[in-house]
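Student: pasting the structure only:
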């Protein structure tokens with residue numbers, strides 16, 4: 001479908017998402033005029049296992065799909081750790097080098113209470129590194145009661161879907177009075193390989209369990225919350241990556257204290273996680289033909305962080321002051337189960353630590369104006385221990401190892417972010433907005449410390465091997481954003497246009513390291529492969545620009561139509577090339593009907609073709625496509641709600657540009673290197689019981 005047709009169709013059917021999914025229009029948080037906008041996309045009748053898959057409902061957002069549980073958020077063309085993600089107030093870092101467990105995977109969709117996407121430029125208080133945006137996920141925890149009597153509340157959710165035989169069961173209960181609350185929850189979800197119109201996508205099966213226990217206490221404005229969690233992921237496919245998940249066992253813990261005074265709020269959090277992760281290229285997919293090419297990667301990741309902030313209100317606005325810190329450490333060891341002698345110390349105690357200090361002011365400027373100013377300083381410290389491996393027994397590998405081990409691997413960055421926003425409320429129906437920001441991000445541990453040409457790249461999934469660059473400079477983005485919010489009776493319209501200029505953007509470029517080039521050539525000769533020459537992470541210049549908008553129109557008290565349109569371009573500034581894995585022009589439209597106890601919606605999803613692709617990353621072009629989904633719900637008692645629907649009604653074969661390439665041999669339905677197809681027709685149903 002051409003871009004012109006897509007735009008025309010979208011303008012006719014302006015959409016957001018289904019009120020038949022129990023959805024309200026996007027909330028505009030108000031302080032005098034307009035304070036900040038967050039788009040909440042959690043409440044839906046679907047039974048998706050991956051919370052990231054809900055992001056297509058938010059203007060500007062999308063998802064890079066590497067597997068059933070491995071969706072990586074994208075916002076206005078940026079993705080991965082360029083987007084700050086917190087789960088219940090805790091920052092999460094993936095346990096594996098290829099982001100098989102991205103941060104949102106620790107907030108299962110079945111347990112979500114809210115999934116908030118900061119619209120446009122994120123405030124400095126939203127996270128430490130928000131160069132690409134910020135997302136906040138909150139899972140259900142129950143409420144304190146209003147008196148001393150003990151009462152319970154909870155939710156039981158069960159469901160299934162046809163496309164992969166997926167099943168879901170989640171139970172959560174809170175027992176509380178006005179001072180104490182105990183919350184317990186458990187989740188299990190499994191699925192087989194998914195189908196599409198021409199066969200099966202192997203492997204896309206998944207298996208995950210989650211258990212949580214929490215205690216809360218509140219009295220006189222003071223609230224203390226303690227939480228423990230355990231996430232266990234079993235055999236789970238990631239066909240866009242060179243390996244699949246065998247297990248991810250994660251322990252999570254957090255403590256939070258809040259105090260609410262008359263005109264000030266104090267918040268303190270301490271959190272951590274310990275992740276053990278195993279993956280292989282032979283257990284869930286056809287093994288490599290040569291026993292010497294079998295691989296198993298055992299990885300671990302530890303997170304520890306804190307934040308302390310306080311809000312002070314006065315007659316003209318709010319001050320927010322805070323400090324925060326986050327430390328992560330990573331290990332990754334590669335083995336061959338057929339050869340005890342083979343090993344690669346991929347990452348050895350790779351550490352990344354951030355300490356941040358920020359201040360923010362929201363200031364009322366007369367009756368119609370509101371300003372937001374923010375300033376943040378981050379100190380980023382990184383280091384890693386020596387590496388080794390049997391590939392270093394050969395000259396190219398030995399040179400790479402020795403160069404890495406002899407280098408000064410301790411690197412420190414001092415980064416400054418600032419945000420300036422101005423809102424003007426012309427009248428009760430129209431508000432204007434302009435924002436500017438300087439945002440920064442230091443290199444990830446993969447980008448800095450990957451010593452051997454491998455695909456351990458934080459989920460890039462381009463099929464290329466990379467080496468890191470210890471001397472990378474921080475990315476520095478200068479962004480300008482403008483928009484308007486119009487509410488005219490039954491009609492709402494909220495467009496945004498944006499431009500980002502990024503100095504020292506971290507991107508893979510053709511390697512000039514002869515040892516890395518010779519190593520890949522030698523591996524090709526030994527294994528009969530034809531991998532392309534390696535890339536090296538380097539600093540380049542880049543720019544992002546585009547627009548996103550959401551709008552809605554209520555036809556009457558039962559019928560409505562609403563939607564989202566997104567467009568972003570990502571380009572290199574130093575050479576004539578496009579950036580990798582950028583979503584094409586797309587739109588979501590929904591026609592909704594809602595009565596007292598039931599509702600339904602018909603949803604259209606349109607994606608334009610994407611021919612603005614990265615030559616550097618050998619990226620393939622994709623055709624445009626359109627899909628139709630139908631959803632509904634029936635609340636047949638006060639406590640029971642049945643959700644149901646059909647995704648991809650026409651069982652259309654299509655390829656999502658962000659879906660990655662098939663890395664699995666032996667699948668008669670999808671050739672290796674072919675872009676993975678989207679899922680076929682999917683019938684689903686979900687039953688909720690709430691009390």
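Tutor: Received it, and whenever you're ready, just let me know what you need. The shown structure was predicted, so the numbers you read here are calculated from the model rather than taken from an experiment.
Student: all strands of the stretch 51-200 of the chain, in order?
Tutor: 61-65, 71-75, 78-79, 84-87, 90-91, 112-118, 134-139, 151-161, 167-176, 180-191, 194-196, 199-201 (DSSP state E, counting those that start in this stretch).
Student: pipe these into JSON lines and attach mean pLDDT and distance to residue 681 per row.
Tutor: In short, each C-beta sits where N, CA and C put it, glycine included. Output for the strands of the stretch 51-200 of the chain, formatted as JSON lines (pLDDT from 0 to 100; distance: least, CB to CB, whole Å):
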{"stretch": "strand 61-65", "mean pLDDT": "97", "distance to residue 681": "18"}
{"stretch": "strand 71-75", "mean pLDDT": "98", "distance to residue 681": "21"}
{"stretch": "strand 78-79", "mean pLDDT": "98", "distance to residue 681": "28"}
{"stretch": "strand 84-87", "mean pLDDT": "96", "distance to residue 681": "31"}
{"stretch": "strand 90-91", "mean pLDDT": "94", "distance to residue 681": "38"}
{"stretch": "strand 112-118", "mean pLDDT": "93", "distance to residue 681": "25"}
{"stretch": "strand 134-139", "mean pLDDT": "95", "distance to residue 681": "29"}
{"stretch": "strand 151-161", "mean pLDDT": "96", "distance to residue 681": "11"}
{"stretch": "strand 167-176", "mean pLDDT": "98", "distance to residue 681": "18"}
{"stretch": "strand 180-191", "mean pLDDT": "98", "distance to residue 681": "16"}
{"stretch": "strand 194-196", "mean pLDDT": "98", "distance to residue 681": "8"}
{"stretch": "strand 199-201", "mean pLDDT": "96", "distance to residue 681": "14"}
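Student: export the ones you listed to JSON lines and append columns for distance to residue 294 and mean neighbour count.
Tutor: As requested, the strands of the stretch 51-200 of the chain are exported to JSON lines (distance: least, CB to CB, whole Å; neighbours: other CB atoms under 10 Å):
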{"stretch": "strand 61-65", "distance to residue 294": "26", "mean neighbour count": "25"}
{"stretch": "strand 71-75", "distance to residue 294": "27", "mean neighbour count": "27"}
{"stretch": "strand 78-79", "distance to residue 294": "31", "mean neighbour count": "26"}
{"stretch": "strand 84-87", "distance to residue 294": "33", "mean neighbour count": "22"}
{"stretch": "strand 90-91", "distance to residue 294": "35", "mean neighbour count": "24"}
{"stretch": "strand 112-118", "distance to residue 294": "38", "mean neighbour count": "21"}
{"stretch": "strand 134-139", "distance to residue 294": "36", "mean neighbour count": "24"}
{"stretch": "strand 151-161", "distance to residue 294": "33", "mean neighbour count": "18"}
{"stretch": "strand 167-176", "distance to residue 294": "32", "mean neighbour count": "19"}
{"stretch": "strand 180-191", "distance to residue 294": "26", "mean neighbour count": "19"}
{"stretch": "strand 194-196", "distance to residue 294": "26", "mean neighbour count": "23"}
{"stretch": "strand 199-201", "distance to residue 294": "23", "mean neighbour count": "19"}
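Student: closest one to residue 542 among the ones you listed?
Tutor: strand 78-79 (9.8 Å; CB to CB).
Student: partner strands of the closest one, with direction?
Tutor: Within its sheet, strand 78-79 is paired with strand 71-75 (antiparallel), according to DSSP bridges.
Student: run through who's touching the strand it pairs with.
Tutor: 50-53, 55, 60-66, 79-80, 83, 85, 99, 102, 104-105, 117, 132-133, 135, 459, 581, 583, 658 (CB atoms under 8 Å, 6 or more residues apart in numbering).
Student: the strands of the stretch 51-200 of the chain: which one's closest to residue 301?
Tutor: Taking CB to CB, strand 90-91 is the member of the strands of the stretch 51-200 of the chain nearest to residue 301, at 12.6 Å.
Student: elements contacting that closest one?
Tutor: strand 264-280, strand 296-314 (3 or more CB pairs under 8 Å, 6 or more residues apart in numbering; DSSP states H and E).
Student: neighbours around the nearest residue to residue 649 once chain neighbours are set aside, how many?
Tutor: Using CB to CB, 6 or more residues apart in numbering and skipping the chain neighbours, the partner closest in space to residue 649 is residue 628 (4.4 Å). Neighbours of residue 628 under the rule other CB atoms under 10 Å: 14.
Student: repeat that for residue 627.
Tutor: For residue 627, the tally of surrounding residues (other CB under 10 Å) stands at 17.
Student: that's a helix at it, yeah?
Tutor: No - applying DSSP: H, G, I helix; E, B strand; the rest coil, one finds residue 627 to be strand, outside a helix.
Student: got a list of what residue 101 touches?
Tutor: 69, 70, 94, 95, 233, 245, 248, 250, 275, 277.
Student: let's go with 6 Å and repeat that
Tutor: Contacts of residue 101 were listed using CB atoms under 6 Å, 6 or more residues apart in numbering, and they are 94, 95, 248.
Student: same question for residue 580.
Tutor: 614, 617, 619.
Student: can you do 7 Å?
Tutor: 462, 614, 617, 619 (CB atoms under 7 Å, 6 or more residues apart in numbering).
Student: in a markdown table: these, plus secondary structure, distance to residue 189 and pLDDT.
Tutor: Converted to a markdown table, the contacts of residue 580 look like this (DSSP: H, G, I helix; E, B strand; the rest coil; distance: CB to CB, whole Å; pLDDT from 0 to 100):
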| residue | secondary structure | distance to residue 189 | pLDDT |
| --- | --- | --- | --- |
| 462 | coil | 29 | 96 |
| 614 | coil | 34 | 98 |
| 617 | coil | 33 | 96 |
| 619 | coil | 32 | 97 |
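Student: and which of those is nearest residue 430?
Tutor: residue 614 (39.8 Å).
Student: neighbours around residue 447, how many?
Tutor: Residue 447: 23 surrounding residues under other CB under 10 Å.
Student: mind checking the SS state of it?
Tutor: Residue 447 ends up helix, using three-state DSSP.
Student: quick check: the nearest residue to it once chain neighbours are set aside vs residue 299, distance?
Tutor: Using CB to CB, 6+ apart and skipping the chain neighbours, the partner closest in space to residue 447 is residue 537 (4.3 Å). To residue 299, residue 537 is 19 Å away according to CB to CB, to the nearest Å.
Student: ok, those two, which is more surrounded?
Tutor: Under the criterion of other CB under 10 Å, the comparison of residue 537 against residue 299 puts residue 299 first, with 25 against 22.
Student: give me every residue that touches the residue nearest to residue 649.
Tutor: Per CB under 7 Å, 6+ apart, neighbours of residue 628: 602, 604, 649, 650.
Student: so how far is residue 43 from the closest residue to residue 195 other than its chain neighbours?
Tutor: Closest residue to residue 195 apart from its sequence neighbours, by CB to CB, 6+ apart: residue 680 at 4.9 Å. Per CB to CB, residue 680 is found 26 Å from residue 43.
Student: show me which of the two is the more surrounded one.
Tutor: residue 680 (23 against 16).
Student: phi, psi for the more buried one please.
Tutor: phi -80, psi -160 (degrees, to the nearest 10).
Student: how far away is it from residue 674?
Tutor: 16 Å.
Student: and residue 261, by the same measure?
Tutor: Distance, residue 261 to residue 674, by CB to CB: 60 Å.
Student: what does residue 112 give?
Tutor: 33 Å.
Student: next: residue 313.
Tutor: Distance of residue 313 to residue 674, computed by CB to CB: 57 Å.
Student: repeat for residue 484
Tutor: 43 Å.
Student: of these two, which one has the most company?
Tutor: residue 484 (16 against 13).
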